[in-house]
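# Quick one, fold the following:
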Amino acid sequence: MDLFRNQSNKLMFTVKYLKELEQLPNYKTLATYLTRRSQEFFSHGISKGSIDGKRYSITFRSVSFRNRNSTCIIGDSNTCGLKFGSDPKKSFGQWMPGRQVFTPVIDDIDPYVACGYKNIVVHCAINDLKKEEVKNFADIKSVFSLYVNKIEHIQAVNPRAHVYICPPLPSKRAELNRKSLYFIKLIREELLSSNFGVTMVDGFDGFLDQAGLLSQHLSRNLNRYQKPDYLHLNWRGVAKLGVLIRNTVLLRMNGGTDRRRRSQIIRNNGQMHAGVTDGYAGAVANGFGHNHDGYQS
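Down below sits the predicted model:
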């Protein structure tokens with residue numbers, strides 16, 4: 001059985017059957033196949049007194065060892081360029097399976113989308129902070145309260161997972177950056193100090209230029225409407241974001257020990273980037289470098 005959540009917030013089941021059993025008479029009554037996600041909610045068994053006579057229930061459970069690194073990234077448009085897959089030149093690589101869920105604002109976060117994953121990365125808040133109605137510290141505190149409620153809901157639905165939160169990325173607007181800095185202050189003082197199931201993804205000061213704004217080298221100049229873009233990362237920036245997320249997740253899963261195979265890397269103005277975006281494939285094709293496991297520090 002595979003478990004899904006429908007729009008009315010109710011859980012429903014859809015049944016998948018093993019191909020080998022489809023040829024057997026009444027195979028639908030013989031076996032069901034549970035995905036890793038459904039196992040967070042559903043336990044296979046026979047309730048006492050539910051049937052007459054004897055019946056045997058046998059459960060075989062097999063989960064890949066890579067599942068301990070499985071990661072769900074819930075984030076805004078700056079995370080949409082992060083790719084999961086087996087090809088280290090175009091994605092995080094086989095050692096970090098997962099999915100990316102586009103979530104532009106905090107209120108859109110669905111805690112159930114991360115069910116079955118060991119690591120949940122939340123990269124969401126900047127689109128809430130940039131709203132015109134968010135003007136003062138009290139408004140930012142309201143946004144933060146909603147953010148904390150969503151984190152706690154994620155943890156309640158996924159008690160076996162660890163949550164990683166990304167601070168809001170810097171922008172090219174000083175006023176928006178001031179909002180973000182206060183939001184980050186609240187995260188450090190009120191969330192991290194009381195919720196030990198949350199880890200902050202550090203290193204976001206690496207996106208700043210000397211003026212304290214989002215670096216031109218790591219960001220787009222124009223948006224899709226050909227207007228000045230003050231928020232979005234280019235492929236170098238997205239790759240850097242992928243490095244920070246991947247290192248934080250894998251180093252924690254490995255007990256703080258870096259167990260990666262050393263390999264050649266790509267350098268851009270002294271910065272090192274990983275093959276976690278489609279843009280990286282072009283760089284490899286042009287002979288700038290090669291990567292084995294999809295990330296490097």
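
# which ones are touching the closest residue to residue 165 other than its chain neighbours?
Once flanking residues are discounted, residue 165 sits nearest to residue 122: 5.0 Å by C-beta to C-beta, 6 or more residues apart in numbering. C-betas here are computed from N, CA, C, even on glycine. Contact analysis of residue 122 by C-beta atoms under 8 Å, 6 or more residues apart in numbering lists 74-75, 109, 150-151, 154, 163-166.

# what about stretch 231-247, average pLDDT?
The average pLDDT within stretch 231-247 is 93.

# now stretch 79-98
For stretch 79-98, mean pLDDT rounds to 87.

# Repeat that for stretch 147-164.
95.

# Output it as PDB, nothing but the C-alphas.
Below are the C-alpha coordinates for stretch 147-164, written out as PDB (Å, rounded to 0.1, in the frame of the first residue of the first chain):
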ATOM      1  CA  TYR A 147       7.200  29.500  10.900                       C
ATOM      2  CA  VAL A 148       7.700  27.900  14.300                       C
ATOM      3  CA  ASN A 149       4.200  26.400  14.200                       C
ATOM      4  CA  LYS A 150       5.000  24.800  10.800                       C
ATOM      5  CA  ILE A 151       8.300  23.400  12.100                       C
ATOM      6  CA  GLU A 152       6.500  21.900  15.100                       C
ATOM      7  CA  HIS A 153       3.800  20.400  12.900                       C
ATOM      8  CA  ILE A 154       6.500  18.900  10.600                       C
ATOM      9  CA  GLN A 155       8.100  17.300  13.700                       C
ATOM     10  CA  ALA A 156       4.800  16.000  15.000                       C
ATOM     11  CA  VAL A 157       4.000  14.300  11.700                       C
ATOM     12  CA  ASN A 158       7.600  13.100  11.200                       C
ATOM     13  CA  PRO A 159       8.900  12.200  14.700                       C
ATOM     14  CA  ARG A 160      11.800  10.100  13.400                       C
ATOM     15  CA  ALA A 161      13.200  12.800  11.100                       C
ATOM     16  CA  HIS A 162      15.600  15.600  11.900                       C
ATOM     17  CA  VAL A 163      14.700  19.100  10.700                       C
ATOM     18  CA  TYR A 164      17.300  21.500   9.200                       C
END
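
# thinking again about what came up before, mind checking the SS state of the residue nearest to residue 165?
Here residue 122 is recorded as strand under DSSP: H, G, I helix; E, B strand; the rest coil.

# again with residue 99
What three-state DSSP gives for residue 99 is strand.

# Would you mind listing the residues in contact with it?
Residue 99 sits next to 72-73, 84, 117 when contact means C-beta under 8 Å, 6+ apart.

# which residues in the stretch 101-250 of the chain form strands?
Per DSSP state E, counting those that start in this stretch, the stretch 101-250 of the chain carries strands over the ranges 119-123, 162-165, 198-200.

# Make a markdown table out of those strands and add distance to residue 221.
Formatted as a markdown table, the strands of the stretch 101-250 of the chain follow (distance: least, C-beta to C-beta, whole Å):
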| stretch | distance to residue 221 |
| --- | --- |
| strand 119-123 | 22 |
| strand 162-165 | 29 |
| strand 198-200 | 30 |
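
# Out of the ones you listed, indicate the one that is most buried.
Mean neighbours per residue, mean count of other C-beta atoms under 10 Å, is largest over the strands of the stretch 101-250 of the chain for strand 119-123, with a mean of 25.

# quick one: strands adjacent to that one?
Next to strand 119-123 in the sheet, as set by DSSP bridges, lie strand 71-75 (parallel), strand 162-165 (parallel).
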